[in-house]
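>>> My questions are about this predicted structure, shown below with the sequence.
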Amino acid sequence: MFYLIIMKDPAVCAGTSEIKSRAVVKYSAAPPPTSYALLQEKTDLKLPPANWLRENPQLGTAGTTILGSSSKSKPFSSFGMAYDFIDCIGDDVDVVSDSENIKKLLKIPYSKSHVSMAVHRVGRTLLLDDLDIQELFMRSSQTGDWTWLKEFYQRLIDQKWQRKKKSKEHWYQKAILSKFLYYSINGDGAAEPVSDNLDEGEEENGAEEFNTSWPTAFTSASSDAEEADAPKQGLRNDFVRNIMWTFEDIHMLVGSNMPIFGGGRYPAVSLRLRDNNKPINILTGMDYWLDNLMCNVPELVMCFHVNGIVQKYEMIKTEDIPHLENSTFSTRVVKDIAQNVLSFLKSNCTKEGHTYWLFKASGSDIVKLYDLTTLCEEAEEEKCQNPFTLPVAVLLYKVASNLMLKVRQNRKHYGTVRTLLLNCVRLLDEERHPQIIASAHYMLSELFQLDEPPQEDGGESLREEEEELTEDSDENSYSSQDDSKAVAVIRSVGELSVPEKYKSTHQIRPSCAFPVSHDKEEKCRHVLSYVLKGLKAVDGTIKKESDLPAADPNTPIPLKYEDRSAIGALGPLQMDKKYPTRSGMSPGSWQHRMKLQLFLKASKAYYVLSDAATNLLKYGRALRYIKLSLQSYDAYCSVSGTLHPQVLQFHSQCLSLCGDIQLMLAQNANNRAAYLEEYSYQTKEDQEILHSLHRESSCQAFNMATDLATDPEYTLFVSNKCYEAAYELLDSEALKDHSPDQLTQVLKRLGNIRNEMGVYYMNQSAAMQTEKEVKKSVSVAEQEMWKKSFAFFEKGMKDFEAIGDRTNTALLLCNTGRLMRICAQAHCAMSADQNRGEFSPEEALYYNKAIDYYLRAMRSLESRESHTAVWDSVNWELSTTYFTLATLLQDYAPLSRKAQEQIEREVTEAMMKSLKYCDLQTESARQPLYQYRAATIHHRLASMYHSCFRNQVGDEHLRKQHRSLAELHYSKAVCLFLSLKDAPCELLRTLLERVAFAEFTMAGQSSSAAKLKSLTGAIEIMTETRHAFQMIHNELLEEVSLRSPDVASGPTSGLNLQEVMKLIGVFEPSFSFLLLQLIKLMTTMKRKPSNKDEEVLKTYKNVYSKLLRAEKNAPLLSRVKLHMELLQQLTATLSYSELQF
């Protein structure tokens, strides 16, 4: 029966106030202590009790062996403890060892006995094991192993080595001690001795001691089952109790078999047997004291005997043991010895994975430390010849596995885990231990968290361990001049008693700093290199096709039929794989499990590489990486029978990224040559990984999605299919509620690609219109393009509506409106001579549909605050559509179908709606465009009402209404054109039309006074044209300066000179006519003119005279300048006369 004891509040047991000791029992296989049997005086211990050598939980193995431990420590006892308490290894514990080894080290300065121990380092922890050279060499003579060490030992240490036998006295003392312990048990048959042959018992014990063998499993190739877990043989934790002992500042995990008794007045005591004729020496006293400290036992019961006859008992407190007669020792010196020994070992046992040998010859004062791993390499022995190799590697692996659980919480463990795993791999032979090697490489790849966001202080936290270097002092350097093969030497054991003689100065892990990199590509390359090594380790264990037995043609191949209805219930994603894979792996084997993990890790690494390349706009490289990612996933699916939701979710991310890349390639088709070069390049590492993938799969499943196509339409089609596949995965039952955010993102991408495809087909149809040499009826190809474009826009709108994305819905509605306008333009009616015909009903239909879509877009946005840019864009397009509709109605009026009045009403209505959406108040880049459009609308409306006024006959009220509306819109148009500063021709044309309108009004007047008033008003309007001429003059001057040879060529003026000449051709006769009519009217007036009238008349005559004498063939700049001067002269006169009036 086993008992687990965890002491929450352990007592502190100290020998004196000078030292501190604390022991916590981590595990105990012994029952709670019971009181010991007090033997009667004269009891003969030479006679065995009836229960002798029977298994007893109170004694454990101690009854048949030396008190407190087995006859000697097993060579791997520390590893057994380390495996059981893996959490403590690496940082929390300084030493893991059998209590006998600890005592042996602390007694070195007092003892002449030899010391031989194997030392291994794991992080801050040292593992100490007894290295029985005599037994090792006996084994070497039988198996041939370790012959190099035997030769080395004989050459440098003991040239006349031979096995030393134990004395008869040794076996005698062992026997009576064992019998004493069995007598001391309170229980059955303890008091009745039985006769026995003492010699036989001694021989039994002697044989039992010699049989503590070195486990052979570590020197031969292990099976799969052995590799899957830590090797079992020889690595069991056989101690009765495991104790966490803190001695001063040294933390030790100690194994002890010392029997502990208790009960009554003494809750815990240890029993000792002493010969009354032999005094207790220092070594024995230290043994007793240290055992009690380690096991937290406050008292010791000493039984004295003479020739095996019990004499008396004596109770001694633990703190009094150092002061016993003939056994006096200083506890502070013991503390100094412990600190010096630990510092010496930590400073020199620096390499993880190496086996060190601490050796002190019998009777010698010199302690030497050898690196057996280095000596083995020099002797050209295989590393499996070192029996410690496999247990050390497994321990490094287990500690790393345990730390991996903490890595995500604390990044400082990254470097530790990496070093542990690299050392583990370095120790093992790939052919003998492929599973551990493959698993270690997988864990190394897992250290690089590819999905974590970059941390600003990540580099500093990972470099903490790099800054632990301290300088070695001269007084603490360990010279190895005495022996060139020794790593370090303690010249005299007396040095260990000197306080702080040795200090640990070695950096814990000089090479364990985790490679800090914020570059995703470098991270992924590290991951892929480890994945490749792992795959190679796995592939090496799978039989090649040539190694498989040939099929027997006479043996039928069983066909595995299954009920399809049962499979259908699970679906294709949940079918377990039952048959060997393409390479011959058996499902469920370690190779199968490892390949699944490595394939998935490779897929993730390539995905991150692809994403990084996409961000760098390297779309050819990105497509290559996503292809490798999907090929890795394809291989994963080939060996996996069940695809977990997380894997499916990752696959949807890959498909979504593939869609992104194909979309970017379609949008940047001009750079295809560069992308093709990137796409075609492949590293040797990628080729080797692909070769491993091909062992399990053809990797052809995603070829269509990852091909670099030449046709943009096909590329868009592939992108769309990728998004659709990603959406179907996320919308499936397996992932329906797992990733709503990812589903939203995919729907947004799906809506976007459908918009892109709609725009593509829309642009194609527009290009078809442009390429037509002769306007014909709409072709079938155009109609197909419209249908495709409209269908994609409709689907895209549904995608965005599904996620409540009003902004993108509005954009698609806006694009659909644009499509309707393209359809309207295609239905433009052409006459036989290729002139534009009347505005057709089909045009009106499509323009009105466009308006409906724009209005829906406005309703989708609700307000400008929801998305300013989109709102402004939709607003502009809506205004443009109304304006285009009105312009076409006005310019190409369908008089064959509609009355003039109806057309005018429709034009007015469309113009006013266009004007409604002209945002003149908001300051933006479009504000000048809105102003120009508003001015144009007012000008067109004014022209229309002008025309109506001229052509209207009969209805005087309607004529007055048209006249007032014409005046209103002319004045607004002039104001807006004036504010623009860059539309002189439009301003001049509007003013000339307004002058013409005034002239027409004057023609219907009969009285001279009315005519004079109309003419004066017209001349005042004419003077406003000076602003237009001023703008024209400025632009002409700018153009002249740009043509100068001294000035570098730049953009020419936007002035339309032909238009200017045409307008001047209208201006001059109109101006002359007005002046002439005014002069005539003012000269023939019957009333006597006033001084003001005479002055004005004089000015009119002067201006008219200059205008008539002007050179008609003069340069345009001179003519414009003259008109400016004449108009300015008139303006000054009219302004003065108004002031006088």
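Here it is on my side, so go on.
>>> okay, CA-based contacts and neighbour counts for the rest of this
Fine.
>>> Quick one: residues contacting Met443.
Shown in contact with Met443 (Cα atoms under 8 Å, 6 or more residues apart in numbering): Ser401, Met404, Leu421.
>>> go again using 10 Å as the cut-off
Counting by Cα atoms under 10 Å, 6 or more residues apart in numbering, Met443 makes contact with 397, 400-401, 404, 417-418, 421, 437, 527, 530-531, 534, 598.
>>> How far away from the center of its chain is the helix or strand where it lies?
Assigned by DSSP states H and E, Met443 belongs to helix 434-446. Put simply, helix 434-446 sits 21 Å off its chain's centre (Cα atoms, centre = their mean, to the nearest Å).
>>> now stretch 961-976
Distance, centroid of stretch 961-976 to centroid of chain: 65 Å (Cα atoms, centre = their mean).
>>> What about Val367, how many residues nearby?
Applying other Cα atoms under 10 Å, we find 20 residues neighbouring Val367.
>>> Kindly state the beta-bridge partners for it.
Listed by DSSP bridges, the beta-bridge partners for Val367 are Lys360, Ile490.
>>> give the contact list for it.
The neighbourhood of Val367, defined by Cα under 10 Å, 6+ apart, consists of 108, 114-116, 358-361, 486, 488-493.
>>> Find me the pLDDT at Ala221, would you?
Ala221 is assigned 35 on the pLDDT scale.
>>> make that Lys960, sorry
Reading off the model, Lys960 has pLDDT 86.
>>> Which members of the contacts of Val367 are classed as buried?
With neighbours counted using 16 or more other Cα atoms under 10 Å, these contain these buried positions: 108, 115-116, 358-361, 486, 488-491, 493.
>>> May I have the helix holding Met443 as CSV, with CA atoms only?
Extracted C-alpha coordinates of helix 434-446, given in CSV (Å, rounded to 0.1, in the frame of the first residue of the first chain):
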residue,chain,number,x,y,z
PRO,A,434,13.0,8.9,-34.0
GLN,A,435,9.8,9.5,-32.0
ILE,A,436,11.5,11.6,-29.4
ILE,A,437,13.4,13.5,-32.0
ALA,A,438,10.3,14.2,-34.1
SER,A,439,8.3,15.3,-31.1
ALA,A,440,11.2,17.5,-29.9
HIS,A,441,11.3,19.2,-33.3
TYR,A,442,7.6,19.7,-33.3
MET,A,443,7.8,21.4,-29.9
LEU,A,444,10.6,23.6,-31.2
SER,A,445,8.3,24.7,-34.0
GLU,A,446,5.6,25.4,-31.4
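>>> From the contacts of Val367, pick the one nearest Ile1021.
Ranked by distance to Ile1021 (Cα to Cα), these are led by Ala488 at 111.4 Å.
>>> which SS class is the closest one?
Following DSSP: H, G, I helix; E, B strand; the rest coil, we place Ala488 in the strand state.
>>> Which pLDDT value does the model give it?
Looking at Ala488, its pLDDT is 87.
>>> before we move on, what about Ala228?
For Ala228, the pLDDT comes out at 40.
>>> cool, Leu570 as well?
31.
>>> quick one on the thing from earlier: any idea which of the contacts of Met443 the model trusts least?
Lowest confidence among the contacts of Met443: Met404, with 81.
>>> circling back: between all of the buried ones among the contacts of Val367, which two are separated the most?
Between any two of those, the greatest separation by Cα to Cα is 18.8 Å, found for Ile108 and Ala486.
>>> buried residues in stretch 682-691?
Per 16+ other Cα under 10 Å, stretch 682-691 contains these buried residues: Asp686, Ile689, Leu690.
>>> Nearest to Ala602, out of those: which one, please.
Closest to Ala602 out of the buried residues of stretch 682-691 is Ile689 (8.5 Å), distances taken as Cα to Cα.
>>> That closest one is in what secondary structure piece?
Per DSSP H and E, Ile689 falls inside helix 684-694.
>>> got the buried residues for the helix or strand that that helix is followed by?
As assigned by DSSP H and E, the chain's next helix or strand after helix 684-694 is helix 703-706. For helix 703-706, burial by neighbour count (16+ other Cα under 10 Å) applies to Ala705, Thr706.
>>> Next, the residues that contact helix 703-706 from outside, please.
With contact meaning Cα under 10 Å, 6+ apart, helix 703-706 is reached by 623-628, 630-631, 655, 658-659, 661-662, 715, 717-722.
>>> Give the next helix or strand downstream of it.
By DSSP H and E, the next helix or strand past helix 703-706 is helix 712-730.
>>> Would you indicate which residues of that next one are buried?
Residues of helix 712-730 classed as buried: 712, 715-730 (neighbour count, 16+ other Cα under 10 Å).
>>> do the same with stretch 240-257
Under the neighbour-count rule (16+ other Cα under 10 Å), stretch 240-257 has 240-247, 251-257 buried.
>>> May I have that stretch exported as CSV, CA atoms only?
Taking C-alpha atoms only, stretch 240-257 is exported to CSV below (Å, rounded to 0.1, in the frame of the first residue of the first chain):
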residue,chain,number,x,y,z
VAL,A,240,10.1,5.2,0.6
ARG,A,241,9.8,9.0,0.7
ASN,A,242,10.8,12.0,-1.4
ILE,A,243,11.6,15.1,0.5
MET,A,244,12.1,18.7,-0.5
TRP,A,245,14.9,19.7,1.7
THR,A,246,16.1,23.3,2.0
PHE,A,247,19.5,23.5,3.7
GLU,A,248,20.3,27.2,4.1
ASP,A,249,19.8,28.6,0.6
ILE,A,250,20.2,25.2,-1.2
HIS,A,251,17.0,23.5,-2.4
MET,A,252,17.3,19.7,-2.7
LEU,A,253,14.9,16.9,-3.8
VAL,A,254,16.1,14.0,-1.7
GLY,A,255,15.2,10.3,-1.7
SER,A,256,15.3,8.5,1.6
ASN,A,257,14.5,5.0,2.9
